[in-house]
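Participant: Take this sequence and fold it.
(4 chains)
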There are 2 protein chains.
Amino acid sequence: MQTLSTEDYLKAIYHVSQSSSGAVATTSIAKQIGAKPSSVTDMFKKLSDQNLVKYQKYQGVSLTNEGVKTALRIIRKHRLWESFLVSHLNFNWDEVHQVAEQLEHIQSEKLTNELERFLDYPTHDPHGDPIPNRALFMKTYNKILLTELPVNKECVCVGVKDNSSDFLRYLDRRQIGIGTPLQVLHREDFDDSLHIQAGKSTLMITKKTAENIYVKS
Amino acid sequence: MQTLSTEDYLKAIYHVSQSSSGAVATTSIAKQIGAKPSSVTDMFKKLSDQNLVKYQKYQGVSLTNEGVKTALRIIRKHRLWESFLVSHLNFNWDEVHQVAEQLEHIQSEKLTNELERFLDYPTHDPHGDPIPNRALFMKTYNKILLTELPVNKECVCVGVKDNSSDFLRYLDRRQIGIGTPLQVLHREDFDDSLHIQAGKSTLMITKKTAENIYVKS
DNA sequence: AAAAAAATTTAGACTTGTCTAAATTTGTTA
DNA sequence: TAACAAATTTAGACAAGTCTAAATTTTTTT
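Facilitator: As a prediction, this is how the structure comes out:
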């Protein structure tokens, strides 16, 4: 049974370890959590005492099996709640994160499993991220960034890298969402901007936009 | 913006003040919260500093208007979540309390209001307790204890006084729930036990049971 | 490889909410 | 109404989680 704080740390460590290789550094967690590095060191020690991370002074941490499981349980709840908020409570995909950050800490296996059933066992959340099932297994498809897609190849938007409200609302205005069919019509060599087909409309997006959109073909 | 703990105290003070008159005593809150009286005194001072209660040393507390509002906002969330758990997530009425105790602290007006809409503006929770609406107003009907009902008068079960699992599961086994039509067929003078009609079956209940069932006629 | 910079840890302090034990106030009873 | 009992408060301590400032280790640069 974890405290709110340890759960936040485990989740942060999991996310950082996913997007970089090797041990997770003190500073990266400090940034993610919004705490000072000294506080992070303190917490690393506590997590280590509980065998949730492997910690060596000055060398960062890595999650143990138990730590991974705990992190995935929280991520599972987070993404199930996000799905619920969007599908039944009229939240937009840029509004759900803050509330899900709270809901992910609710302790009740029955609640989580019943929520999953109620939502009909969703495999991905509103941002396209995979939802761990009861056994904490999740289906990841072979997604690539839109920048890596060959010109004229058809694909479908399956997720985003940047989850900021600014970006998500921008996509909303461009009518791009999870499931939208996309196709690169032309890549401009000058500034790497792309002319794309998005659903029924054609539009221009910058390189920065394209490298924050995941697609599968 | 309150902490988990202050919210628990405000709710406890509200509940105790509803079931007794005058100021709320330190000990009664200590019992309700499961803390020592000295801790309660500390918290009374903090709540008083925030103008959520009126506190006079050795004289207990009473909620200010702001304190009542805060308590009702928590109770509103608690009862909405209980309703959700029972109506959509297959929880029984004796299982919801513990989870709702956690969910009631989630901070998001949009969430609360959308949940209320999703549930179609329920006026009472699974135990028959009234749910404050957005304006924190709640409809209380003129309920009486089953012990006070005249023999042969028809009525409907609208709530329970004791919310323990033991009692609620007992009622489940007897097939008595919110909305069940009840009628006292005979009151036994010897031990105050009652023969009642509950829905389609007749059964005997003790005085103790009858004085924990609310009905309206 | 020495010096400088960056990252990390330690030490000591603070806040919140809790506790125990002792002191004080209120109430109850003889 | 004096003495006792019960309720309440105070004083001092503790745990969790955080911070700042200083010390230490690692990494990078010259």
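Participant: So is the one helix or strand A:Phe167 maps to next to chain B?
Facilitator: Taking DSSP states H and E as the criterion, A:Phe167 maps to helix A:165-173. No: remark: helix A:165-173 sits outside contact range of chain B, by Cβ under 8 Å from any Cβ of the partner chain, the gap being at least 14.3 Å. (Glycine included, C-beta is placed from N, CA and C.)
Participant: Direction included, what does the next helix or strand after that helix pair up with?
Facilitator: Downstream of helix A:165-173, the first helix or strand assigned by DSSP H and E is strand A:181-187. Counting by DSSP bridges, the strands paired with strand A:181-187 are strand A:154-160 (antiparallel), strand A:194-198 (antiparallel).
Participant: Need those strands in CSV (columns: distance to B:Asn142 and mean pLDDT).
Facilitator: Below are the strands paired with strand A:181-187 laid out as CSV (distance: least, Cβ to Cβ, whole Å; pLDDT from 0 to 100):
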stretch, distance to B:Asn142, mean pLDDT
strand A:154-160, 55, 94
strand A:194-198, 60, 96
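Participant: Rebuild these as a markdown table, extending it with distance to B:Lys36.
Facilitator: As requested, the strands paired with strand A:181-187 are exported to a markdown table (distance: least, Cβ to Cβ, whole Å):
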| stretch | distance to B:Lys36 |
| --- | --- |
| strand A:154-160 | 50 |
| strand A:194-198 | 62 |
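Participant: Which one of those lies nearest to DNA strand C?
Facilitator: Of all the strands paired with strand A:181-187, strand A:154-160 sits nearest to DNA strand C, with 27.1 Å by Cβ to the nearest atom of the strand.
Participant: quick one, strands of chain A?
Facilitator: For chain A, applying DSSP state E gives strands covering A:53-55, A:61-63, A:144-145, A:154-160, A:181-187, A:194-198, A:201-205, A:213-216.
Participant: Comparing those strands, which comes out most buried?
Facilitator: Comparing the strands of chain A by mean neighbour count (mean count of other Cβ atoms under 10 Å in any protein chain shown), strand A:213-216 ranks first with a mean of 22.
Participant: How far does stretch A:16-32 stretch from one end to the other?
Facilitator: 8 Å (Cα to Cα, to the nearest Å).
Participant: ok so, going back, closest to DNA strand D out of the strands paired with strand A:181-187?
Facilitator: Here strand A:154-160 is closest among these (Cβ to the nearest atom of the strand), at 27.8 Å.
Participant: Off-centre distance for that closest one?
Facilitator: Relative to its parent chain, strand A:154-160 has a centroid offset of 15 Å by Cα atoms, centre = their mean, to the nearest Å.
Participant: residues in contact with the residue nearest the centre of chain A?
Facilitator: Residue closest to the average C-alpha location in chain A (Cα atoms, centre = their mean): A:Asp129, at 5.4 Å. A:Asp129 sits next to A:Arg79, A:Gly159 when contact means Cβ atoms under 8 Å, 6 or more residues apart in numbering or on different chains.
Participant: From A:Val99, how far out is it?
Facilitator: Look at A:Asp129 and A:Val99: by Cβ to Cβ, to the nearest Å, they are 16 Å apart.
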